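Visitor: fold the following, please.
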Amino acid sequence: MSPTAPSGNGPGIAEHLGLKPGMIVMESGYDDDVDDDVRDSVADLIGNDLEDEDTDEVVDVVLLWYRDGDDDLVDVLVDSISPLADDGYIWLLTPKRGRGNYVEPSDIAEAASIAGLSQTSIATAGDAWSAARLVGRKSSGGKR
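Guide: Numbering: from 1, shown residues only. I've put the predicted structure just below:
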């Protein structure tokens, strides 16, 4: 398997998610069903532990584990935006289709839109999780 392979566990998952050494990554929605291989891959690549959701740090990425039945997705996304750096983004990890607590893509798209986010890509994150990359909408003028 190549180091950037989008499926499976182990090395390559964090790279596939676009993470880089030195990034500050906050984790939210942790529970006993998360994929520890994904978490370990991220921590190994960035060279630090993942920040807890109550961190005061400005973060580059939020790794958000979310399942159908968790708190309201719009509220969770809005809460995840506040610690983000201006160019930061959220990886929303949800159970893959066919797994318990699966979240419909249309629900993700609707919640992201209401929260002021746009989905830019999707990825596989381990055997049981899918990931949607969400970013804040940019103004048409943009900063140079």
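Visitor: when you work out contacts or count neighbours from here on, use the C-alpha atoms and nothing else.
Guide: Fine.
Visitor: residue boundaries of the strands in the protein?
Guide: In chain order, the chain shows strands spanning 25-28, 59-65, 84-95, 117-125, 129-136, with DSSP state E as the criterion.
Visitor: can I get these in a markdown table including mean pLDDT, mean neighbour count and distance to residue 108?
Guide: Putting the strands of the chain into a markdown table (pLDDT from 0 to 100; neighbours: other CA atoms under 10 Å; distance: least, CA to CA, whole Å) gives the following:
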| stretch | mean pLDDT | mean neighbour count | distance to residue 108 |
| --- | --- | --- | --- |
| strand 25-28 | 98 | 23 | 16 |
| strand 59-65 | 98 | 23 | 12 |
| strand 84-95 | 97 | 21 | 9 |
| strand 117-125 | 95 | 18 | 9 |
| strand 129-136 | 97 | 22 | 9 |
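Visitor: what's the closest of those strands to residue 50?
Guide: strand 25-28 (5.5 Å; CA to CA).
Visitor: out of the strands of the chain, nearest to residue 44?
Guide: Ranking those by proximity to residue 44 (CA to CA) places strand 25-28 first, at 11.7 Å.
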